[in-house]
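Peer 1: Okay, sequence plus prediction incoming.
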Amino acid sequence: MADRRLQVFHTVARLLSFTKAAETLHMTQPAVTFQIRQLEEHFNTRLFDRTHNRISLTAAGQRVYDYAEKIIALYGEMDSRVRELTGDVSGILIIGASTTIAEYVLPSLLGEFQSRYKDVNVRLSVSNSLGIVHMVENNTVDVGIVESPVTNKNLAVEVCWHDELMLICPPSHPLAKKSSITPQEIVNLPFLCREEGSGTREVINEYFEDNKISANDLNLCMEFGSPEAIKSAVEAGLGVSIVSRATVGKELKLKTLVALPLNPVLKRPFSFVHQRQKFRLRAVDEFMNFAHEHCEKQEPQSKKGTAGG
């Protein structure tokens, strides 16, 4: 492993926070501070300016950071290339996933991935799509999986699979017997949705706008921070919502909810997002390839059966 002090310094410099660096590295803050102090003693100069609870790099710190970027990248590349010769796939893989993907798609995928690659230590960070993109931008995750468009042109985006969104309502709802529903039929219904920053909400807003309906025209009653909260509220009769088909499998089997296809159909891509860089850890490439294979097998299955269960 590259010099531990250099890795700690690189993380602090990238995040400009001892607290965030400690969380990212799974260390205590005093341990992070100790590593930085050792490196400063080694160079006999301060690497950070500390003022009013904020830190910034000194000129020497910026110079060390520039070299640390190259050293850590080269070490990672060397490690991966040597492991390619032995067929070994190991190390730490940090994945960031939006809430829907983390709760309903990744469990089975990661279970199969870990069975095949037992020496890869997977860590998962969960947020909404906007939060995951920020994690990728800040290099706090190796790869993100999001459910909304990514506008940062400096990041690489690869579609992994497509997800269908459907309207959900209780079985007793007047719409429950319909075979599909149009955006115009939803406008006046009490509508429940995800919070601002959610990829699902962004996609739904775009869908209504494409169908000449402003988001302000919706009868928006409540916002929720997770699909589970939305499903519970719909089951309780508080309104209807539009959610990923992947999130309602259990409820459709138990017949506590009905899911209606939208007309026109609403589909969105689930996409990998990562830094545009020449080198990636082999574990990242293996995971992305594995996920593509896994989802190609799952997509045909998701098309079977009726939406209402």
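Peer 2: Nice, I can see it. Numbers count the residues shown, from 1 in each chain.

Peer 1: pLDDT weak spots in the stretch 51-200 of the chain?
Peer 2: Applying pLDDT under 70 to the stretch 51-200 of the chain picks out residues 80, 83-84, 86-88.

Peer 1: where do the helices sit along it?
Peer 2: 59-86, 99-104, 106-116, 129-137, 183-186, 199-210 (DSSP state H, counting those that start in this stretch).

Peer 1: So for His292, what's the nearest residue that isn't a sequence neighbour?
Peer 2: Among residues not flanking His292 along the chain, Cys160 sits closest, at 6.1 Å (Cβ to Cβ, 6 or more residues apart in numbering). From N, CA and C alone the C-beta is placed, and that goes for glycine too.

Peer 1: where's the residue sitting furthest away from the middle of the chain relative to Gln62, distance?
Peer 2: For the chain, the residue at maximal distance from the C-alpha centroid (Cα atoms, centre = their mean) is Asn44, at 40.7 Å. From Asn44 over to Gln62 the distance is 17 Å, taken as Cβ to Cβ, to the nearest Å.

Peer 1: ok, now Lys153?
Peer 2: 25 Å.

Peer 1: swap in Pro174?
Peer 2: 64 Å.

Peer 1: Just want the phi and psi numbers for the residue lying closest to Thr182 once chain neighbours are set aside.
Peer 2: The spatially closest residue to Thr182, leaving aside those adjacent along the chain, is Asn263, at 5.2 Å (Cβ to Cβ, 6+ apart). For Asn263, the backbone dihedrals (degrees, to the nearest 10) come out as phi -130, psi 100.

Peer 1: who's in contact with Ser56?
Peer 2: 16, 48-49 (Cβ atoms under 8 Å, 6 or more residues apart in numbering).

Peer 1: of those residues, closest to Lys250?
Peer 2: Leu16 (42.7 Å; Cβ to Cβ).

Peer 1: Phe224 versus the closest one, what's the distance?
Peer 2: 33 Å.

Peer 1: how many other residues sit next to Val105?
Peer 2: Using other Cβ atoms under 10 Å, the number of residues around Val105 comes to 25.

Peer 1: do Ala291 as well
Peer 2: For Ala291, using other Cβ under 10 Å, the count is 24.

Peer 1: neighbours of the residue lying closest to it once chain neighbours are set aside, just the number please.
Peer 2: Of all residues not flanking Ala291 in the chain, Cys160 sits nearest, at 5.6 Å (Cβ to Cβ, 6+ apart). As a burial measure, Cys160 scores 19 neighbours (other Cβ under 10 Å).

Peer 1: if I pick Phe287, what's in contact with it?
Peer 2: Per Cβ under 8 Å, 6+ apart, neighbours of Phe287: 93, 95, 113, 120, 143.

Peer 1: So which of those is the closest to Asn128?
Peer 2: Nearest to Asn128 among these, with distances taken as Cβ to Cβ, is Ile95, at 15.3 Å.

Peer 1: Neighbour count for Pro174 and Gln62, which is higher?
Peer 2: Neighbour count, other Cβ under 10 Å: between Pro174 and Gln62, Gln62 has more, with 12 against 8.

Peer 1: any idea how far the more buried one lies from His52?
Peer 2: Taking Cβ to Cβ, one finds Gln62 at 20 Å from His52.
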